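Engineer: model this:
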Amino acid sequence: FKCAQCDEVSERFIAVSADEKEEIPGSRGSANAVVTCKLCKRTYTVDIVPGSVGSIKGESFCNLVSLECRGAVPVEFDPQDGWAIEVEGGGKYDADLSEKEWADFDENIKEAVSIQDMHWRFQ
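Structural biologist: The predicted model follows:
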């Protein structure tokens, strides 16, 4: 993420999970990620909008998740692990997408299945 106040990009990758909540300093609220900018010392928050997590179908761009960023701008996405893959007419898999690709053989449909050449954008 990049600080919207001073444009400093965080040196470390900041993971945002809908399953985690952090308290916001000086507030009664909480967010999925709370970060203090090292340069300007401002605190920014990121929340996953409830009900916004979608699924990827086909090969075109789709909305995967909506983020509410207060004081932050997303600059990079790292899919990492923990993805649930469901093959149409086939099986279900747990996938690690940290290498930006995944492949397996689906016994139900007797075909190779894969995710490759991943791209993303922020709107």
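Engineer: skipping adjacent residues, who's closest to residue 107 in space?
Structural biologist: Using C-beta to C-beta, 6 or more residues apart in numbering and skipping residues adjacent in sequence, the residue nearest residue 107 is residue 91, 6.9 Å away. To be clear about C-beta, it is placed using only N, CA and C from the backbone, and glycine gets the same treatment.
Engineer: does the one you found touch residue 106 like I think?
Structural biologist: Yes - at 5.4 Å, residue 91 counts as touching residue 106 under the criterion of C-beta atoms under 8 Å.
Engineer: lowest average confidence across helices and strands of this protein, where is it?
Structural biologist: Sorted by mean pLDDT, DSSP states H and E, the helices and strands of the chain end with strand 81-86, the least confident at a mean of 85.
Engineer: distance from that one to the middle of the chain?
Structural biologist: Strand 81-86 sits 12 Å away from the centroid of its parent chain (C-alpha atoms, centre = their mean, to the nearest Å).
Engineer: so in that sheet, which strands flank the helix or strand just after it, and in what orientation?
Structural biologist: Downstream of strand 81-86, the next assigned helix or strand under DSSP states H and E is strand 92-96. When pairing is defined by DSSP bridges, strand 92-96 lines up against strand 81-86 (antiparallel).
Engineer: quick one: residues in contact with the partner strand.
Structural biologist: 92, 93, 94, 95, 96, 97, 98, 102, 113, 115 (C-beta atoms under 8 Å, 6 or more residues apart in numbering).
Engineer: and the residue located most distally from the centre of the chain, what does it touch?
Structural biologist: Within the chain, the residue lying farthest from the chain centre (C-alpha atoms, centre = their mean) is residue 110, at 30.9 Å. Listed by C-beta under 8 Å, 6+ apart, residue 110 has no contact partners.
Engineer: ok, back up a step: using PDB, list the CA coordinates for the least confident helix or strand of the chain.
Structural biologist: Only the C-alpha atoms of strand 81-86 are listed here, as PDB (Å, rounded to 0.1, in the frame of the first residue of the first chain):
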ATOM      1  CA  ASP A  81      -2.000 -19.400  -0.600                       C
ATOM      2  CA  GLY A  82      -5.400 -20.300   0.800                       C
ATOM      3  CA  TRP A  83      -7.400 -20.200  -2.500                       C
ATOM      4  CA  ALA A  84     -10.400 -22.500  -3.000                       C
ATOM      5  CA  ILE A  85     -10.600 -23.800  -6.600                       C
ATOM      6  CA  GLU A  86     -13.800 -25.400  -7.900                       C
END
